[in-house]
Structure formats: C-alpha cells, structure tokens
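*Asks:* Next one to model:
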Amino acid sequence: MVINIFARNFLEFMRDYTVPPIPPTLWQNPLHFIAFGFGSGAIPFAPGTFGTLMAIPFYLAMRSLPITIYIIVVAIIAVGSAWICQRVSDDIQIRDHQGMCLDEFAGYFVTMIGAPHGVIWIVLGFILFRLFDIWKPWPVDYLDTHVHGGIGMVLDDVCAGLYALIILKFLTWII
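*Replies:* Predicted coordinates for the structure are as follows:
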C-alpha cells in the first residue's frame with residue numbers, strides 16, 4: 001500500500017516535472033556553483049538525488065569528527081546553506097530552482113548524525129533521506145509549501161533528514 005502511494009505520487013511528480021534552465025552563472029559564480037551542489041544540480045534529471053550523492057564525500061570527510069563538533073558543523077552548514085540558497089534564488093530570480101541541491105547536503109548530514117561507519121549505513125542513509133525528501137510526510141510538505149526563502153528551502157530537507165535519522169537510529173538499534 002505504501003509502495004503504491006509512493007509510486008503514484010512519484011509518477012504524478014515526474015509527469016509535471018520540468019527543470020528550469022540551468023543558469024550560465026553556475027559555472028562562473030562560486031556561490032551559484034556551491035548552491036547547485038558543486039555542479040551536481042546541473043544534471044537534467046533527479047538533481048536532488050545527484051546532489052545527495054555529491055554530499056557523501058563531504059560526509060566522509062566529516063564523519064570522524066566528535067559528535068558534538070559534527071552537529072555544530074551541520075548546524076553551521078544548514079544556516080549557511082539557507083543564506084546561499086536565498087542569495088542565489090534572488091540572483092537567478094527563480095524560487096527554489098530544482099537544480100539548487102545544497103539543501104540536500106544539509107538534510108543528508110542530519111540523517112547521518114552518529115551513524116555507524118560502513119558502506120551499508122551510508123547507502124541506507126542515502127535511501128532513507130531520499131525517500132523522505134521525495135515523499136514529504138507532514139511536516140516536511142508543510143515546510144516545503146509554507147516556509148519561503150532560503151530557510152524554507154533548507155528546513156524541509158533538514159526535517160526529512162530528521163525522519164531518516166530516526167529510522168536509521170532504529171535500524172542501528174535492532175541490527
């Protein structure tokens with residue numbers, strides 16, 4: 001049943017999905033390059049998925065930090081991402097361009113708070129985060145549609161990351 005609902009929502013989403021053109025400033029302005037997930041958002045399909053994939057090497061660089069420092073770094077990244085996404089949205093005059101996937105970085109980093117080391121956990125975190133980011137259960141959908149600006153762009157991904165974090169923690173507890 002859940003898979004049917006997810007598949008139906010995904011198919012409806014793909015039917016209506018059109019990516020605005022990638023701004024040429026992506027390759028010229030460092031803030032635009034960062035907001036577009038270090039270029040991963042320029043991929044013409046599933047930019048959020050590719051943005052999350054691009055976040056994995058950055059996670060690998062941060063995962064050995066002490067948990068408190070990791071959480072502080074993630075909070076700084078989330079706030080910085082909100083500022084960068086707002087600034088770039090203003091520059092390109094497109095609210096939350098689908099190619100801007102820096103918010104996926106923040107959401108994935110939240111998902112991976114305290115995750116065990118290992119490829120299986122990186123993959124599970126990736127899958128869970130993408131699931132909640134695409135599915136958008138409450139309040140993710142509310143935040144996505146009602147909170148505007150850079151804060152809204154990042155907050156829904158952070159919330160999706162919290163859902164994924166909870167499931168990932170549960171899985172680490174039972175496995």
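
*Asks:* Which residue, neighbours along the chain excluded, lies closest to residue 74?
*Replies:* residue 109 (4.5 Å; Cβ to Cβ, 6 or more residues apart in numbering). Every C-beta, even on glycine, is put in place using the N, C-alpha and C of the backbone.

*Asks:* which residues touch the one you found?
*Replies:* 55, 58-59, 62, 73-74, 77-78, 161 (Cβ atoms under 8 Å, 6 or more residues apart in numbering).

*Asks:* Now with 7 Å, please.
*Replies:* 55, 59, 74, 77 (Cβ atoms under 7 Å, 6 or more residues apart in numbering).

*Asks:* Ok, residue 33 next?
*Replies:* Residue 33 neighbours (Cβ under 7 Å, 6+ apart): 26-27, 39.

*Asks:* 6 Å instead?
*Replies:* Going by Cβ atoms under 6 Å, 6 or more residues apart in numbering, residue 33 touches residue 26.

*Asks:* Where does residue 138 sit: helix, strand or coil?
*Replies:* coil (DSSP: H, G, I helix; E, B strand; the rest coil).

*Asks:* How many residues are close by it?
*Replies:* 8 (other Cβ atoms under 10 Å).

*Asks:* where does the chain have low pLDDT?
*Replies:* Within the chain, the ranges that satisfy pLDDT under 70 run 1-19.

*Asks:* Give the next helix or strand downstream of the helix or strand the residue nearest to residue 74 falls within.
*Replies:* Using DSSP states H and E, residue 109 maps to helix 102-111. Downstream of helix 102-111, the first helix or strand assigned by DSSP H and E is helix 119-135.

*Asks:* neighbouring contacts of that next one?
*Replies:* Against helix 119-135 from outside (Cβ under 6 Å, 6+ apart): 49, 107-108, 111-112, 115, 160-161, 163-164, 167-168.

*Asks:* immediately after it, which helix or strand?
*Replies:* Next along the chain from helix 119-135, counting by DSSP H and E, comes helix 140-146.

*Asks:* helices or strands up against whatever helix or strand comes next after that following helix?
*Replies:* Next helix or strand after helix 140-146 toward the C-terminus (DSSP H and E): helix 149-174. Helices and strands touching helix 149-174, as assessed by 3 or more Cβ pairs under 6 Å, 6 or more residues apart in numbering; DSSP states H and E, comprise helix 67-92, helix 102-111, helix 119-135, helix 140-146.

*Asks:* That's all I had, so thanks and see you.
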